[in-house]
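J.: after the sequence you'll find the predicted model.
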Protein chains: 2
Amino acid sequence: MGLVEMSDAGRRGNPRVTSFDVAERAGVSQSTVSRALSGSPSITSGTRERVLAAASELGYQVDHRASQLRTGKTATVAVVVLRRPDDTVHTSNPFYFELLGCICEAAASRDLDTLVSLQSEDGDLFGDYVGRGQADGTIVIGSATNSDAWAYFRELQDDDNNVVFWGSPFDDGRRVRSDNYAGGRLATRHLLDRGYRRIGFVGPIGTRHTQFVERYKGYCDELEKEGLKPVALPDYPDDDRVGQGRHAARELRQKEPEIQAFFAASDQLAFGVLQELQEAGVSIPDQIGVVGFDGMASGALCSPPLTTIAPDLREAAKLLLQGAIDRVEHPDERAPVKLVVRSSS
Amino acid sequence: MGLVEMSDAGRRGNPRVTSFDVAERAGVSQSTVSRALSGSPSITSGTRERVLAAASELGYQVDHRASQLRTGKTATVAVVVLRRPDDTVHTSNPFYFELLGCICEAAASRDLDTLVSLQSEDGDLFGDYVGRGQADGTIVIGSATNSDAWAYFRELQDDDNNVVFWGSPFDDGRRVRSDNYAGGRLATRHLLDRGYRRIGFVGPIGTRHTQFVERYKGYCDELEKEGLKPVALPDYPDDDRVGQGRHAARELRQKEPEIQAFFAASDQLAFGVLQELQEAGVSIPDQIGVVGFDGMASGALCSPPLTTIAPDLREAAKLLLQGAIDRVEHPDERAPVKLVVRSSS
DNA sequence: CTGAAAGCGCTTACAG
DNA sequence: CTGAAAGCGCTTACAG
């Protein structure tokens, strides 16, 4: 049958089925096809049905390149994931993959496509997907240690108002962050409530990563209420986060043999702390308690399962999209955090 | 200066800077701009430089919608990540995020963009990004339990030759898989070499997920060489993978009190096994050894760190791209696997 | 309610 | 080596 033949030909896609083919089959003009398919209210339901039938028989799909070119929109959000030059999938911080997943989800629920670009901060940086007509807005995530990378994306942000960061070393600009201060207090309060008094802080607070400083401040303020003093390390080795956690746990225990708990300012750091303590034969949470920060899925799998501060990543994704696509100007937007109690505290 | 003003206007992107603007500024025709920018060899180096200068002064970027529409190409690969209906970022299998990351990387190294779509297998399925002119090929990853989802994507695959699966329940079709059989043998051989003799298999081999069956077969064959018998469970509860692992470890130990090791056919299952054994006070690897499968990053973080079979995900990504973009017909393509020894065995 | 026509911004034969 | 022009497949004023 002709029907079947055309259907096959259409779906194989070469040559491309266009709205003119649908129009011919439905016995209407091409503009009517376009209107019927886009749900224009001016089209008669009878006409619409004939068009829909013809389109489905031919396996017709609107060409997004053409419609986007015509309308000037893309219905797409670009996500740049910044990575360290030597990152592989196995070493890169899984937190950003979790956040990426939430952005994809949030975008899908708004009928947006997601264009993902992993970029090494030392490689060729590119972020002007909007200028290229590939996206309506851009979200940059990832924790860059390379300031060239931040400089590049910051300039991009200055030129356009559709670029939003997750975390950035700058105090201005369009960005979304966790409520780090509240999280720091939450973690510390939890440890205090559990009876730990001498609590060490694990995290590089001398860096450009302001989230650590904010978490540290929450920790200090909560300790101060009890008249307790912070215990932290001034310097960190040039190691990965897990290694830094191990190192800090070791040093802090030497510095403060009476230490009873650690608040690690990221889950990756906390994993290092956990490893160090277990190798030292310390019982967790009996002798020493540990709380992390990030709410990573793998925290539930490690041993003991890690108590952590979990930012609401779905909310974060929603806010990022509002900034990038709706161009909402948030003054200093924060994703709420919550305490997830597991067995390490 | 005029220069600066135009530059600003251009970068702000409204109204859009086109190749006609660049042409005017460079004193050439629009077609010459296009040729110069695309690297056509017929352009004089002098002309090219003037065009490049004008383009950069205006902050000009080629509009991808227009160029793609004209050429019929997209330089984009679509990746569909299938998820269970109730999956959140925290419960979904991180393996697929690792694979997704590798695909993004491999695509970038081939100058392809990556369009990512997370889809719930019970929701609205869509995969015809090629038909829409949004991608040149499509990769479907994720482990669907819902056969409707597979049916949909299989039909898509039948209609076009640019859809490739990672793992699928079908015995035909275009797909890439791990070398599961070799991995099963590798894991089992490793446990035997370590001196474990009574080795249990953890994994649902009665399901449509053929990878478990293939791993099981490798396990059986390797045991047989030593005259040993397999120990496995016929049924699995309707739980998540970690829960299934816990359940299996418990049952298997009741069934075979002499059991000395477990080969868990996925890392998620292995995490459950680890949890169950630790709660039972079993010392790993002294009393019981454990090997997983998938090479997940979180395996290095759990306690004890998990010995596992790691598929070469970068190679897998390369093969998937060859199938989707280059339309290479692999008969039954396998990503190589290797043994990663950590402390659980 | 529907059609004919313009135009989104490119690439690429076709001329010269 | 460069230019004028056609055309990729749509959407949307503008008419009727």
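T.: Yep, that arrived. Numbers count the residues shown, from 1 in each chain, chains lettered A, B, ... in the order given.

J.: all helices of the stretch 51-200 of chain A, in order?
T.: Under the criterion DSSP state H, counting those that start in this stretch, the stretch 51-200 of chain A contains helices at A:64-71, A:94-109, A:147-159, A:180-193.

J.: can you add mean pLDDT and give those back as a markdown table?
T.: Formatted as a markdown table, the helices of the stretch 51-200 of chain A follow (pLDDT from 0 to 100):
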| stretch | mean pLDDT |
| --- | --- |
| helix A:64-71 | 95 |
| helix A:94-109 | 91 |
| helix A:147-159 | 84 |
| helix A:180-193 | 97 |
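
J.: to residue B:276, which of these lies closest?
T.: Proximity to residue B:276 (C-beta to C-beta) singles out helix A:94-109 among the helices of the stretch 51-200 of chain A, at 23.9 Å. Placement of C-beta: from N, CA and C, glycine included.

J.: how far off centre is the closest one?
T.: Distance of helix A:94-109 from its chain centroid, counting by C-alpha atoms, centre = their mean, to the nearest Å, is 6 Å.

J.: next, the buried residues of that helix.
T.: Neighbour-count burial for helix A:94-109 flags A:94-108 (criterion: 16 or more other C-beta atoms under 10 Å in any protein chain shown).

J.: which one is the residue of the stretch 101-250 of chain A found nearest DNA strand D nearest to, not counting chain neighbours?
T.: In the stretch 101-250 of chain A, the residue that lies nearest DNA strand D is residue A:133 (11.9 Å; C-beta to the nearest atom of the strand). Residue nearest to residue A:133 in three dimensions, not counting chain neighbours: residue B:63, with 4.2 Å by C-beta to C-beta, 6 or more residues apart in numbering or on different chains.

J.: tell me where the model's unsure across chain A.
T.: Scanning chain A for pLDDT under 70 picks out A:1-14, A:88-91, A:171.

J.: circling back: can you redo the helices of the stretch 51-200 of chain A as TSV with distance to residue B:112?
T.: Formatted as TSV, the helices of the stretch 51-200 of chain A follow (distance: least, C-beta to C-beta, whole Å):
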stretch	distance to residue B:112
helix A:64-71	16
helix A:94-109	18
helix A:147-159	22
helix A:180-193	36
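
J.: hmm, back to that, what about the residue nearest to residue A:133, how many residues nearby?
T.: 20 (other C-beta atoms under 10 Å in any protein chain shown).

J.: again, but for residue A:224
T.: When neighbours are counted by other C-beta under 10 Å, residue A:224 registers 11.

J.: check which helix or strand it maps to.
T.: helix A:210-225 (DSSP states H and E).

J.: if we can go back for a sec, near chain B too, which of the buried residues of helix A:94-109?
T.: Contacts with chain B within these, counted by C-beta under 8 Å from any C-beta of the partner chain: A:94, A:97-98, A:100-102, A:104-105, A:108.

J.: got TSV for those residues, with distance to residue A:203 too?
T.: Output for these, formatted as TSV (distance: C-beta to C-beta, whole Å):
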residue	distance to residue A:203
A:94	18
A:97	21
A:98	19
A:100	23
A:101	25
A:102	23
A:104	29
A:105	29
A:108	34
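
J.: need the residue closest to the centroid of chain A.
T.: residue A:99 (2.7 Å; C-alpha atoms, centre = their mean).

J.: contacting residues for that one?
T.: Neighbouring residues of residue A:99 by C-beta atoms under 8 Å, 6 or more residues apart in numbering or on different chains: A:141, A:166, A:313, A:316-317.

J.: next one: residue A:306
T.: Neighbours of residue A:306 in contact, by C-beta under 8 Å, 6+ apart: A:267, A:270-271, A:274, A:290-292, A:299-300, A:342, A:344.

J.: at 6 Å what do you get?
T.: Residue A:306 is in contact with A:270, A:292, A:299, A:342, A:344, counting by C-beta atoms under 6 Å, 6 or more residues apart in numbering or on different chains.

J.: next, count neighbours for the third one.
T.: Looking back up the chat, that one is residue A:299. Neighbours of residue A:299 (other C-beta under 10 Å): 26.

J.: how about the fourth one?
T.: Taking other C-beta under 10 Å as the criterion, the count of residues near residue A:342 is 17.
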